[in-house]
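1. following is a predicted model, sequence given first.
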Amino acid sequence: MDIDFSFWLVIATAISGMVVLLDRILLRPRRVAAVSAYQQEAGERADQAMISTLAREPGWVEFPKSFFPVLAIVLVVRSFMIEPFKIPTGSMEPTLLAGDFILVNKYVYGLRLPVLGTKILSLGDPEQGDVLVFKYPEDPSINYIKRVIAGPGDTVSYYNKELKVNGEVMSQKLLAQEPPARPEFNLSEEQLGSVSHRIKTTLGANLRPGKWEVPAGHYFVMGDNRDNSRDSRVWGFVPDANVVGKAFAIWMHMPNWMPSFRRNGLIE
């Protein structure tokens, strides 16, 4: 079962914040008043242990109060600055491998409210070549990652493994055929506008050809593993409202139980 971490983080932060506020406004003044009343009544016979007991925060207040600052910081960083994600499939090979842990810039395109995703401040738009994390249009509870091929108003065509945007061919340079003994796929370098990146295409049939016109407020995305990616060629366009952020770095690779840091670096 998938867990919506953002939702539960907001809930936990809100609950702990309300406990902090309740304690500050109502409970702590009551404890201070109880200690003061006891000291006045007992005078010099006042017992320090009793004072400590009267002043002590109950457990249901102390526990959430201790976690609130941490939860608040994590919520702000994760919602508006940087969020970590794990790559679950090979649809972005060779750029990203299954098991890569990546960092996503959440503010590069603007500030959005956590959970709701409503943009409250626009700072820019996804650009051609960006590696984009977004809410899957067919199921917004799932995060997807693909590369931006074209933006609003652009025309995209993909035939015989040749990509064109607005009639311009996105050039490809063959780097290698793998595996060398019995090649099954091509490893190429593609020039996507001003962005140079690597793609992977299988030898043989031309999969998922077609021509598309990108509507206003939407983006056309594809996986770098062109013949093994379920993307805009299948389910359509990414609405701007579904944009999460731009992936910019790999910070760990862990395909099973053993972490590796050899792939650490910026994402092209």
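-> On my side now, so go ahead.

2. burial count for S122?
-> 11 (other CB atoms under 10 Å). Placement of C-beta: from N, CA and C, glycine included.

3. tell me the contacts of the closest residue to it other than its chain neighbours?
-> Nearest non-adjacent residue to S122, counting by CB to CB, 6 or more residues apart in numbering: G110, 4.3 Å away. Under the criterion of CB atoms under 8 Å, 6 or more residues apart in numbering, the neighbours of G110 are K119, I120, L121, S122, L123, G124.

4. could I get these as JSON lines with secondary structure?
-> Shown next, in JSON lines, are these (DSSP: H, G, I helix; E, B strand; the rest coil):
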{"residue": "K119", "secondary structure": "strand"}
{"residue": "I120", "secondary structure": "strand"}
{"residue": "L121", "secondary structure": "strand"}
{"residue": "S122", "secondary structure": "strand"}
{"residue": "L123", "secondary structure": "coil"}
{"residue": "G124", "secondary structure": "coil"}
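
5. out of the residues you listed, which is nearest to R24?
-> Of all these, R24 sits closest to I120, with 27.5 Å by CB to CB.

6. thinking that closest one is in contact with Y107, fair?
-> No - the criterion here is CB atoms under 8 Å, and I120 misses it with Y107 at 11.2 Å.

7. those two - which one has more neighbours?
-> The neighbour comparison of I120 against Y107 (other CB under 10 Å) goes to Y107, with 16 against 10.

8. the closest residue to L111 other than its chain neighbours: how many residues sit nearby?
-> In space, and not counting its chain neighbours, L111 is closest to L121: 4.2 Å by CB to CB, 6+ apart. When neighbours are counted by other CB under 10 Å, L121 registers 9.

9. please report how far L121 lies from G151.
-> Distance of L121 to G151, computed by CB to CB, to the nearest Å: 20 Å.

10. equivalent analysis for S91, please.
-> Taken as CB to CB, the span from S91 to G151 is 21 Å.

11. next up, the contacts around S260.
-> M252, H253, M254.

12. check contacts around the second one.
-> By CB under 8 Å, 6+ apart, the residues touching H253 are L97, G99, D100, F101, P259, S260, F261, R262, R263, N264.

13. cutoff 7 Å now
-> With contacts defined as CB atoms under 7 Å, 6 or more residues apart in numbering, the neighbours of H253 are L97, G99, D100, F101, S260, R262, R263.

14. okay, now the second one: neighbour count?
-> Right, G99. 17.

15. skipping adjacent residues, who's closest to it in space?
-> P255 is the one closest to G99 (CB to CB, 6+ apart), at 3.4 Å.

16. then the last one?
-> Nearest in space to R263, with sequence neighbours left out and distances taken as CB to CB, 6+ apart, is H253 at 4.4 Å.

17. how close does the one you found get to A14?
-> Going from H253 to A14 by CB to CB gives 35 Å.

18. give me phi/psi at the residue nearest to R263?
-> Main-chain dihedrals, H253, degrees, to the nearest 10: phi -130, psi 120.

19. I'd like the numbering to begin with 47 instead of 1 from here.
-> OK, 47 is where the count begins now, so the last one is H299.

20. what pLDDT does the model give it?
-> We have a pLDDT of 93 for H299.

21. give me the number of residues near A227?
-> For A227, the neighbour count with other CB under 10 Å is 5.

22. give me the secondary structure label for it.
-> The three-state assignment at A227 reads coil, by three-state DSSP.

23. residue ranges for the helices of the stretch 97-246 of the chain, please.
-> 105-126 (DSSP state H, counting those that start in this stretch).

24. quick check: E235 touching R244?
-> Yes - E235 is within contact range of R244, at 5.6 Å (criterion: CB atoms under 7 Å).

25. from A79, how far out is S52?
-> Distance, S52 to A79, by CB to CB: 40 Å.

26. with S217 instead?
-> From S217 to A79 the distance is 77 Å (CB to CB).

27. also S98?
-> Distance from S98 to A79, by CB to CB: 16 Å.

28. run through the neighbouring helices and strands of the helix or strand of the chain with the lowest mean pLDDT.
-> Scoring the helices and strands of the chain by mean pLDDT, DSSP states H and E places strand 165-168 at the bottom, with a mean of 80. Under the contact criterion of 3 or more CB pairs under 7 Å, 6 or more residues apart in numbering; DSSP states H and E, strand 165-168 touches strand 156-158.
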